[in-house]
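>>> take this sequence and fold it.
(4 chains)
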There are 2 protein chains.
Amino acid sequence: MAGIKDVALRAGVSISTVSRVMNSSKTVSPELAEKVRNAIEELDYSTNLAAHSLRSQKSHLIAVIVTSLSRPFFTDILEGINEIAVREGYTVLLAETHDDLDTEIRLVSEFAARCVDGIILASSAYGKSKKTEEYIASLEKLEKHGAHIPVVTLEFAFAGKDLSAVMVDNERSAFEAVSYLIRDLGRRHVIHISLPKEHLLGQQRARGYKRALAEAGIPDEDCVLYEGNYTTYSGYKLVRKLIAEKVPCDALFCANDQMAVGAILACNELSVRIPEEIAIIGNDDIFAASLVRPSLTSIRVPRHDIGVSAMKVLTGHMESEKWACQKLTLRTELVKRSSTETDYVNDLKNVIW
Amino acid sequence: MAGIKDVALRAGVSISTVSRVMNSSKTVSPELAEKVRNAIEELDYSTNLAAHSLRSQKSHLIAVIVTSLSRPFFTDILEGINEIAVREGYTVLLAETHDDLDTEIRLVSEFAARCVDGIILASSAYGKSKKTEEYIASLEKLEKHGAHIPVVTLEFAFAGKDLSAVMVDNERSAFEAVSYLIRDLGRRHVIHISLPKEHLLGQQRARGYKRALAEAGIPDEDCVLYEGNYTTYSGYKLVRKLIAEKVPCDALFCANDQMAVGAILACNELSVRIPEEIAIIGNDDIFAASLVRPSLTSIRVPRHDIGVSAMKVLTGHMESEKWACQKLTLRTELVKRSSTETDYVNDLKNVIW
DNA sequence: TTGAAAGCGGTACCAG
DNA sequence: CTGGTACCGCTTTCAA
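Below you'll find the model as predicted:
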């Protein structure tokens, strides 16, 4: 690959001039500019980005750190991020933490060393340990040679005033979903299949569930939580158990769609009618929700928009050092289907899958 | 962020010495090494990778170019790639082409300018136009400043002797699937729901389908192809039509699982019994295959392994300039479920989803 | 074993 | 408007 000095030689001009043309500075005479452009064309020259990064302290690279690529949640977000990134001239560096905080910490510092211009982070820093606190503090003042590296978090916001975040209100959407089960469908025994309880997201959803019961005047002792582990199988197993043990239950609110699908499969196998005997609501509205039968009522999280917004906020930070930090909460939507509505008509036309 | 010279200053040694310690060269006295390590620790120094890349012509970056992230196919491959990449000290740069060849060409040259050490490419260069040929030729001699950039392609192999590839034998797996429908299940009217016909993958699968019919002595005019477009809805619509028009059909081979799921939903709605009246086979074995009812028989493509193998081959190329180019064909497996076997027992336990 | 110094390929300032 | 030159941070030869 040709370097800038090959081009200068070929065009018979100085390196500075070539650089000016490359950066479309106006202070080059048309004749020289023309010569340079020809040379660039002939040698198929393109600027070496490693050198560019080194000199300009801008890599045009952003890092996206997620817990796991196989979570469809992140795939869609990533698409949204990438869409804006391409438009703004950034390239995405990708990494997974597998929900391990040490990995996450290592990745962040590695990316800082790579001089990324910004980071979008789905963190696993729950808890309140000393290490976590220190880590979060360090995130706020992350930098490459004096220049600040902005960070935008996904899913939830850190306390730090200097960290932007794009998320949804999990508690509120859970509250609305459960209230709908109670108020519109008249259910009294709503059981919650939760995420592992150390997970912040799961805690938020569980809180929404409890608040809905409380506000409907259902006593605390009727709050029934079964702890699942994200997977379809865990939902399936818990619901089989629950039915076998004849636990009073006329509705389920599952903290994600995978577990809800498991719940549906369990009910189908045991010939429990949905929604007549048990109404079911999931969370996330992944495509499988419209494919299972009965199709699943779920809380739609605007995943693509989350990605788009996160990247837009990050771009703002990257272009101007003094962009105000933002905590964005995007709206969710309860998508009602056959698992709660007896007269719902499935329509595959809108399933983009 | 501290630079190498800050460390040198702090430790009271030369930059060269620090560099030696960083690269764990043996020619540093224990005392100095100790001092340097302390300084590194205190200043929380990590080497600037942009500078490193510039100097060493190694970026430890690899590019992964896929058509679309939302194809679950690539998500799993990406995980496999990333697994090995992390282990070998590489970071993944990600990009999507959305099946547009111009985008692909642009991306490849952009990544070359970024000095990536290697590229894993799911190309959209089907056809045989002049542009395509030129592009493929250019891929073989892609380079950054004299150093060759190795390329590994996914899904199919280019003719070039200098391009490695990791793929599966689509024709053969289609052949085996259809032969099973004919020979083991005794079906005579097997219809193929194909991919758009300009897609190479689709062509390969269609070829396998035709060969299976031919070898079973079924006349050419009984080859019935319906062209779908990847989506669940297209499979659904085609099968509804086919049943409404009473086209003779006792088995379907769908070129992907999404369309097969659509086919199942159509049969369910019209009360066509699966597999008694129509047996169905999909391709890819995505998780939805084990979740639909009846569960779907499908051709399992070792996606994770493809990613792992691709990255391993690429690593080989990157570590040694004269690594022999490889064309790897991984084995597929026909996973039999309820859509072809009446006595299949669904087991969610193995659904890692 | 250690340090000095020359670049890697650009950018940006300054002088002309 | 143009060219010379210092320098970004690191690696690597070469000499001491």
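>>> please make it C-alpha for all contacts and neighbour counts, starting now.
Noted.
>>> so what strands line up beside the lowest-mean-pLDDT helix or strand in chain A?
Least confident helix or strand, chain A: strand A:143-144 with a mean of 78, by mean pLDDT, DSSP states H and E. Paired with strand A:143-144 in the same sheet, following DSSP bridges, are strand A:147-148 (antiparallel).
>>> does DNA strand C sit close to the strand it pairs with?
No: Strand A:147-148 lies out of reach of DNA strand C by CA under 7 Å from any atom of the strand, never closer than 14.1 Å.
>>> contacting residues around the next helix or strand after that strand?
Next helix or strand after strand A:147-148 toward the C-terminus (DSSP states H and E): strand A:151-154. Strand A:151-154 is contacted from outside by A:118-123, A:139-140, A:163-167, A:306, A:310, A:313-314, using CA atoms under 8 Å, 6 or more residues apart in numbering or on different chains.
>>> residues contacting the closest residue to DNA strand C within chain A?
Nearest residue of chain A to DNA strand C, counting by CA to the nearest atom of the strand: residue A:4, 3.2 Å away. When contacts are counted by CA under 8 Å, 6+ apart, residue A:4 touches A:15, A:18-19, A:45, A:47.
>>> contacting chain B as well, which ones from those?
Counting by CA under 8 Å from any CA of the partner chain, residue A:47 from the contacts of residue A:4 sit close to chain B.
>>> just the ones of the contacts of residue A:4 in helices?
By the criterion of DSSP state H, membership of the contacts of residue A:4 in helices covers A:15, A:18-19.
>>> who wins on neighbours among those residues?
residue A:18 (26 neighbours; other CA atoms under 10 Å in any protein chain shown).
>>> for DNA strand D, see how far away that one is.
8 Å (CA to the nearest atom of the strand, to the nearest Å).
>>> thought that residue was touching residue A:38?
No: applying CA atoms under 8 Å as the test, residue A:18 and residue A:38 come out as separate, 11.1 Å apart.
>>> how much space separates residue A:105 from residue B:40?
According to CA to CA, to the nearest Å, residue A:105 and residue B:40 sit 18 Å apart.
>>> scratch that, residue A:333 is what I was asking about
Separation of residue A:333 from residue B:40 (CA to CA): 50 Å.
>>> between residue A:105 and residue B:40, who's got more neighbours?
Using other CA under 10 Å, the more surrounded residue of residue A:105 and residue B:40 is residue B:40, with 23 against 19.
>>> what residues does the stretch 1-150 of chain A put near DNA strand D?
Proximity of the stretch 1-150 of chain A to DNA strand D (CA under 7 Å from any atom of the strand) is limited to residues A:12-17, A:26-29, A:31-33, A:51, A:54-55, A:145.
>>> what helix or strand is residue A:134 on?
Using DSSP H and E, the element containing residue A:134 is helix A:130-140.
>>> so that helix, near chain B or not?
No: counting by CA under 8 Å from any CA, chain B is not contacted by helix A:130-140; separation bottoms out at 12.0 Å.
>>> filter the contacts of strand A:151-154 by proximity to DNA strand C?
Of those, not one also sits near DNA strand C (CA under 7 Å from any atom of the strand).
>>> buried residues, the helix or strand harbouring residue A:105. List them.
In this assignment (DSSP H and E), residue A:105 forms part of helix A:101-113. Neighbour counts over helix A:101-113 (16 or more other CA atoms under 10 Å in any protein chain shown) mark A:101, A:104-105, A:107-113 as buried.
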